[in-house]
Each structure stands twice: as C-alpha cells, then as structure tokens.
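> Sequence first, predicted coordinates after that:
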Amino acid sequence: MAYGVFRVRNLTASEVAGCQQHNLRQYEKGNIPENVKPEMMVWNTDWIVGEKATYKEAIDERLKGLKVRSNSVVAIEFVMGASPEFFKGNYDARGYLSNCRGFIADIVGWENVIAFSEHFDEKTPHVHMLVTPIVEKEVKWKNRYRETVTVKRERRLCARDITGGPSKLRKFQDDFYQFIKPYGVKAGVPFYRGTFAEEQLKVYSKRTDHRVDLMNQLALQAQKELDAAKKKELNEKIVKEQKVQLEETKRMQELQKKIDYRKKMNKGKGWTKGDDFFSMGGGGMGM
C-alpha cells in the first residue's frame with residue numbers, strides 16, 4: 001500500500017524568491033540542503049512560462065492590469081507526489097508527475113500555470129507547481145441607491161476562491177486521492193486514503209518543504225557564526241591580555257630606566273654599592 005502526497009501553500013511577493021531558490025536548486029556552493037543529492041540533480045526538470053528568467057518576471061507578466069496589494073497572494077504552490085512504496089511499483093514516475101500537473105492545471109486553468117519543477121534528487125520523486133490565483137468573477141455595480149445598475153465579468157487576483165478555508169483544502173485532497181487511485185492500481189501498489197492529510201504534513205513536508213531546508217541552513221549558519229564569535233571573543237581576550245602584559249612590561253622598563261638614571265646622577269654623592277635607593281633621602285622617590 002502507498003499514499004499520495006498533496007501539499008499547497010499561498011505565496012506573497014516576498015516569498016517567491018525563496019520558493020524559486022529551492023525549486024530551481026539555486027543554492028550557493030556548500031549550502032545545498034542535506035536531503036538533496038547533488039549528483040541526482042541532472043534528472044530534475046524545470047520550466048517557467050514564456051522562458052522567463054525568474055518566477056517574479058513570469059508572475060508580474062501574468063498580473064499586468066490587475067490590482068495587487070502589498071500583502072496579496074500572488075501565487076499558489078502545489079507539491080504532489082507519493083510515498084516511496086508507489087515508486088517501487090510498475091508505473092513511470094515522470095508520467096505520474098505529469099498527470100499530477102494536469103490535475104491542477106485542469107482546476108485552476110492552464111493559463112494560470114507559471115512554473116513547475118520535477119525533483120528526482122530527494123528521497124521520493126515529486127513535483128512543485130506554481131500557479132497564479134486569477135479568477136474570472138461576475139461583478140455587480142450599484143448606484144447610490146444600492147440598486148444594481150450593471151453586471152460584468154472581470155479578472156481578479158483571488159487566492160481565497162481557490163484555497164480559502166479548510167473545506168476547499170479538504171476537497172482538494174479528496175479529489176486528488178480519487179484522481180491518483182487508478183495509477184496505484186496500474187503500478188500494483190494501491191493507494192489508501194488513511195490519514196492522508198496528517199501523514200503528508202508530518203512526513204512528506206519534512207522532505208520537500210524548502211522552508212525546513214532554509215531553517216536547517218539558518219541553524220547551521222547561526223552555529224558557525226556562534227563558533228566564530230566565540231573564537232573571536234577568545235582571540236580578543238588573548239590580545240587584551242597581551243596588551244596588558246605589554247603595558248606592564250613597558251611600565252617596568254620605564255621604572256628601571258628611572259632607577260638607572262637616579263643611580264647614575266647620584267653616583268659619588270654618598271652612595272655606596274650596598275645602598276638601597278628607595279631608602280635614601282633627597283632622591284624624590286623616598287617612602
């Protein structure tokens with residue numbers, strides 16, 4: 001038995017770049033998440049509509065002419081896949097992920113599809129799919145007396161109509177399960193409904209959620225910075241101690257110079273070899 005994986009999240013404009021970094025594997029050398037196998041990246045497939053260089057460019061192009069607030073949801077990311085058991089069956093992994101993409105596109109409209117990335121470099125194959133939540137709505141215009149004057153249809157950015165509320169998300173998951181059931185039969189590894197939502201949240205999101213990867217990277221970076229700070233603090237302490245020792249040495253050298261100078265100046269003035277300089281009167285340094 002296997003279970004399907006379906007995860008969805010809304011993205012504001014400030015979150016798009018982070019999503020792209022994970023999906024397109026745009027990590028700096030040495031910062032690749034531990035759950036990603038670099039040698040397997042060659043099997044990944046990436047696509048952005050209009051051959052745009054970034055998600056932002058593709059989204060901005062799609063949103064032209066629409067009202068967009070600073071906190072608007074400008075894109076929705078769907079992640080679809082299955083548990084490892086399914087991919088051990090007799091069904092083509094790429095074909096399965098392609099069909100998953102079609103499932104979403106048929107719901108939100110192919111024109112809203114912005115990008116997708118198929119990942120084969122993590123524990124299980126999966127696809128990230130980015131769409132713009134643009135819907136065509138019937139808008140009623142009223143006059144000052146609250147009477148309907150005209151009705152027209154217009155395009156609007158409205159993620160709420162697609163993913164708003166638990167009932168819509170639950171329906172998405174139920175529909176996805178019904179959609180993938182036949183593929184489980186073909187693969188000889190039937191899908192089960194079970195506690196699908198809870199399982200994908202606890203297990204699968206840990207493997208694919210770039211925010212988890214980012215948090216791991218931030219934690220690692222924080223530890224490196226902490227270690228560097230401790231090392232710097234230790235070095236500064238050593239330098240400070242060396243400065244104190246150096247100042248003390250200089251002070252003692254200056255004092256010795258004064259003693260030597262006094263001895264030289266008082267030579268032949270009642271001094272004997274055994275005289276204690278500090279016990280002599282008239283030298284300016286008596287006790």
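That came through, no problem. Residues are numbered from 1 along each chain as shown.

> drop to CA atoms for contacts and neighbour counts, all remaining ones
Will do.

> which ones are touching residue 166?
Listed by Cα atoms under 8 Å, 6 or more residues apart in numbering, residue 166 has no contact partners.

> what's the spacing between it and residue 67?
In this view, residue 166 and residue 67 are 26 Å apart by Cα to Cα, to the nearest Å.

> any low-confidence regions in the stretch 151-287 of the chain?
Low-confidence segments of the stretch 151-287 of the chain (pLDDT under 70): 194-224, 267-287.

> can you pull out the strands in it?
For the stretch 151-287 of the chain, no strands are identified by DSSP state E, counting those that start in this stretch.

> ok, which stretches of it are helices?
For the stretch 151-287 of the chain, the helices defined by DSSP state H, counting those that start in this stretch cover 160-163, 166-187, 196-199, 205-208, 210-265.

> Pipe those helices into CSV and attach distance to residue 133 per row.
Conversion of those to CSV gives the following (distance: least, Cα to Cα, whole Å):
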stretch, distance to residue 133
helix 160-163, 7
helix 166-187, 14
helix 196-199, 22
helix 205-208, 22
helix 210-265, 21
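
> Can you say which of those helices is packed in most?
Greatest average neighbour count among these goes to helix 205-208 (a mean of 18), per mean count of other Cα atoms under 10 Å.

> Ok, which of the helices of the stretch 151-287 of the chain comes nearest residue 20?
The minimum distance between residue 20 and those falls on helix 210-265, with 9.5 Å, by Cα to Cα.

> Would you check how far apart the nearest residue to residue 124 once chain neighbours are set aside and residue 101 are?
In this structure, residue 124 finds its nearest non-sequential neighbour in residue 84, 5.8 Å apart by Cα to Cα, 6 or more residues apart in numbering. Distance, residue 84 to residue 101, using Cα to Cα: 19 Å.

> again, but for residue 121
When distance is defined by Cα to Cα, residue 121 is 19 Å away from residue 101.

> quick one: which of these two has more around it?
residue 101 (22 against 18; other Cα atoms under 10 Å).

> Show me what counts as buried in stretch 35-46.
Residues of stretch 35-46 classed as buried by neighbour count (16 or more other Cα atoms under 10 Å): 36, 44.

> same deal with stretch 52-60?
Neighbour-count burial for stretch 52-60, counted by 16+ other Cα under 10 Å, picks out 54, 55, 56, 57, 58, 59.

> got the contact list for the nearest residue to residue 85 once chain neighbours are set aside?
Once flanking residues are discounted, residue 85 sits nearest to residue 2: 5.4 Å by Cα to Cα, 6+ apart. Neighbouring residues of residue 2 by Cα under 8 Å, 6+ apart: 82, 83, 84, 85, 86, 184, 189, 190, 191, 192.

> repeat for residue 180
4, 191.

> Residue 119 and residue 6: what is the separation?
15 Å.

> go on, residue 96?
To residue 6, residue 96 is 13 Å away according to Cα to Cα.

> Equivalent analysis for residue 132, please.
Here residue 132 is placed at a distance of 18 Å from residue 6 (Cα to Cα).

> what's the answer for residue 261, then?
In this view, residue 261 and residue 6 are 89 Å apart by Cα to Cα.

> Correct me if wrong: residue 136 contacts residue 152.
No - using Cα atoms under 8 Å, residue 136 is not in contact with residue 152, being 10.1 Å away.

> just to revisit the earlier point, so residue 96 and residue 6 - more neighbours on which side?
Neighbours per residue, other Cα under 10 Å: of residue 96 and residue 6, the larger number sits with residue 6, 25 against 21.

> For that one, pull up the helix or strand it's in.
Using DSSP states H and E, residue 6 falls within strand 4-12.

> and the angle from that strand to helix 166-187?
Angle of strand 4-12 versus helix 166-187, following axes from the mean of the first three to the mean of the last three Cα atoms, to 10 degrees, is 140 degrees.
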